[in-house]
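Chemist: can you look at this prediction? I've put the sequence above it.
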Amino acid sequence: MTYGVVLVGLGAIGMGYDLRHPTSSRVCTHARAFSTHAAFGALLGVDENEDRRRLFDATYGGPSYASLKEALARHRPSVVVIATPTETHAGVLHGVLEH
């Protein structure tokens, strides 16, 4: 059995740090950690920034979405990772619980 993951926030800790290290021998972000672990299947990304979404799609195969609401309407992930700035965590969590 594999678990789907939605990664909210595609910045430095979401996926950015690992882009400096092209091999999977080093894991510094949530995206690489989940993408290299056999227990996790579908990895979805959420970020308002279109360039980050494109980079996520190219690196991890996507899909990615501009909003959490859209991602959760289309998928039923088992895990939600909040990798956004700290001051936004409560709002993102509220959106997950509301869904």
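Modeler: Looks like it came in fine. Every value quoted in this text rests on a predicted model; they were computed, and no experiment measured them. Residues are numbered from 1 along each chain as shown.
Chemist: next helix or strand past the helix or strand of the chain with the lowest mean pLDDT?
Modeler: Between all helices and strands in the chain, the lowest mean by mean pLDDT, DSSP states H and E belongs to helix 17-19, at a mean of 90. Beyond helix 17-19 on the C-terminal side, the first helix or strand identified by DSSP states H and E is helix 30-35.
Chemist: contacts for that following helix?
Modeler: Applying Cβ atoms under 8 Å, 6 or more residues apart in numbering, the set of residues contacting helix 30-35 from outside is 5, 7, 10, 13-15, 18, 24, 27, 40, 43, 45, 56, 59-60, 79, 81, 83. Where you see a C-beta, it was placed from the backbone N, CA and C, and this is true even at glycine.
Chemist: that one: what's the following helix or strand?
Modeler: Heading C-terminal from helix 30-35, the first helix or strand you meet, by DSSP H and E, is strand 40-46.
Chemist: and that following strand, which residues are buried?
Modeler: By neighbour count, and taking 16 or more other Cβ atoms under 10 Å as the criterion, the buried residues in strand 40-46 are 40, 42-46.
Chemist: and it, what does it pack against?
Modeler: Other elements packing on strand 40-46 under the criterion 3 or more Cβ pairs under 8 Å, 6 or more residues apart in numbering; DSSP states H and E are strand 3-8, helix 30-35, helix 50-60, strand 64-65, helix 68-74.
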